[in-house]
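> my questions concern the predicted model and sequence given below.
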Amino acid sequence: MTEPDDDLGPPVTPLEEYGPAGRKPAPGLHFVSTPIGAARDITLRGLDILREAEVLAAEDTRTLRHLMDIHGIPLAGRPLVAYHDHNGEAVRPRLLAALAEGKAVAYASEAGTPLVADPGFQLGRAAIAAGHRVFAAPGPSAVLAALTVSGLPSDRFLFAGFPPNTAQARRKWIAEFAQVPATLVFYESPKRVKEMLTDLASELGADREAVLCRELTKRFEEIRRGTLSDLVASCADTPIKGEIVVLVDRSRAPRFGPEDVEAALRDRLQRLSVKDAAAEVAEMLGLPRREVYQRALAMERD
């Protein structure tokens, strides 16, 4: 048996803030991650905080009440405050006042981890600025769940969130991620996911490996894998419903220097329009079409 190392001192762990089940959480703001599908995915610590916090706040109070009912947690006369992007300015002072009174305030987004494409950022910033402690009860996250089941590299990833709604803005936004050496993670509405996948294929390359995750941890969970062009084709005739996460592998195309791009463009600009020359070179070199097109325009001006 290994002897304990007295030099290490007592372990320091956030669990010390909570102690045994049923003990009131420490004063401060507690961000509680809630299930993205299966109600049993919430952590025991998350349940303890929801049971014992003196003030409860939620992006959608109906969703939180339903979750608490499932797990047998009574509201017991405690305040339950709706806090979301549309009423934050008006509601924040009330929650900050509760914190100033030394109360434990729990905040839960509708599903997943607060602040990850969900409200809570301004509340957390305001609490920190006022000198209050901020805690996280970690748990479900659609980003990490999708990354785990995708089969794409997880050593480095970038969460990009929701793209712009309009096609032109979306394509320009996607192009910014073309050379990021990491797995890209996006959220998207089922109403626009086909258009988004089409733009991803255009701006990042149709042969990029990608994964579409739908309804993670729910009854109709579905994982589609393939190239971006494969995923575009899979959406052609089958409408997609539910919560969507799209992941795209980093570029595997060989790196080409500016001189390689210019040489290829110079050759094709002798016989093709700027648009067609850029499209052909982008496809040949596996580069984002917008980036090559901008270079072709600059060469024409010169």
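Arrived safely.
> does residue 252 count as helix, strand or coil?
Using DSSP: H, G, I helix; E, B strand; the rest coil, the secondary structure recorded for residue 252 is coil.
> which pLDDT value belongs to it?
pLDDT for residue 252: 74.
> just the one 5 residues further on next, same as before
Residue 257 is assigned a pLDDT of 76 by the prediction.
> residue ranges of the helices in the stretch 101-250 of the chain, please?
Here the stretch 101-250 of the chain has its helices, by DSSP state H, counting those that start in this stretch, at 121-129, 142-150, 167-175, 193-204, 228-234.
> need the winner for burial among those.
Of all the helices of the stretch 101-250 of the chain, helix 193-204 has the most neighbours on average by mean count of other C-beta atoms under 10 Å, namely a mean of 22. Bear in mind the C-beta positions are built from the backbone N, C-alpha and C, glycine included.
> now do that one against helix 167-175, angle only.
Put simply, helix 193-204 runs at 50 degrees to helix 167-175, going by axes from the mean of the first three to the mean of the last three C-alpha atoms, to 10 degrees.
> what is helix 193-204 packed up against?
Applying 3 or more C-beta pairs under 8 Å, 6 or more residues apart in numbering; DSSP states H and E, we find helix 193-204 packed against helix 167-175, strand 209-214, helix 228-234, strand 244-248, helix 289-301.
> please enumerate residues in contact with that helix?
163, 167, 170-171, 174-175, 177-178, 186, 188, 208, 210, 212, 228-229, 231-232, 235-236, 240, 244, 246, 248, 251, 288-290 (C-beta atoms under 8 Å, 6 or more residues apart in numbering).
> could you do stretch 47-62 as well?
18, 21-25, 30, 32, 64, 67-68, 71, 73, 75, 78-84, 91, 95, 98, 103-110, 114, 118-119, 123, 137.
> so for it, what gets flagged as buried?
47-59, 61 (16 or more other C-beta atoms under 10 Å).
> can you check stretch 32-44 too?
If you call a residue buried by 16+ other C-beta under 10 Å, then stretch 32-44 has these buried ones: 32, 33, 34, 35, 36, 37, 41, 42, 43.
> repeat for stretch 172-187
173, 174, 175, 177, 178, 180, 182, 183, 184, 185, 186, 187.
> can I get those in JSON lines including distance to residue 279 and pLDDT?
Below are the buried residues of stretch 172-187 laid out as JSON lines (distance: C-beta to C-beta, whole Å; pLDDT from 0 to 100):
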{"residue": "173", "distance to residue 279": "20", "pLDDT": "96"}
{"residue": "174", "distance to residue 279": "16", "pLDDT": "96"}
{"residue": "175", "distance to residue 279": "14", "pLDDT": "92"}
{"residue": "177", "distance to residue 279": "20", "pLDDT": "94"}
{"residue": "178", "distance to residue 279": "15", "pLDDT": "90"}
{"residue": "180", "distance to residue 279": "22", "pLDDT": "92"}
{"residue": "182", "distance to residue 279": "26", "pLDDT": "96"}
{"residue": "183", "distance to residue 279": "27", "pLDDT": "97"}
{"residue": "184", "distance to residue 279": "23", "pLDDT": "98"}
{"residue": "185", "distance to residue 279": "28", "pLDDT": "98"}
{"residue": "186", "distance to residue 279": "24", "pLDDT": "98"}
{"residue": "187", "distance to residue 279": "29", "pLDDT": "97"}
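> which one of those residues is nearest residue 224?
residue 186 (14.2 Å; C-beta to C-beta).
> now the strands: where do they sit in this protein?
Counting by DSSP state E, the chain has strands at residues 28-32, 55-58, 80-82, 104-108, 134-137, 157-161, 183-188, 209-214, 222-227, 244-248.
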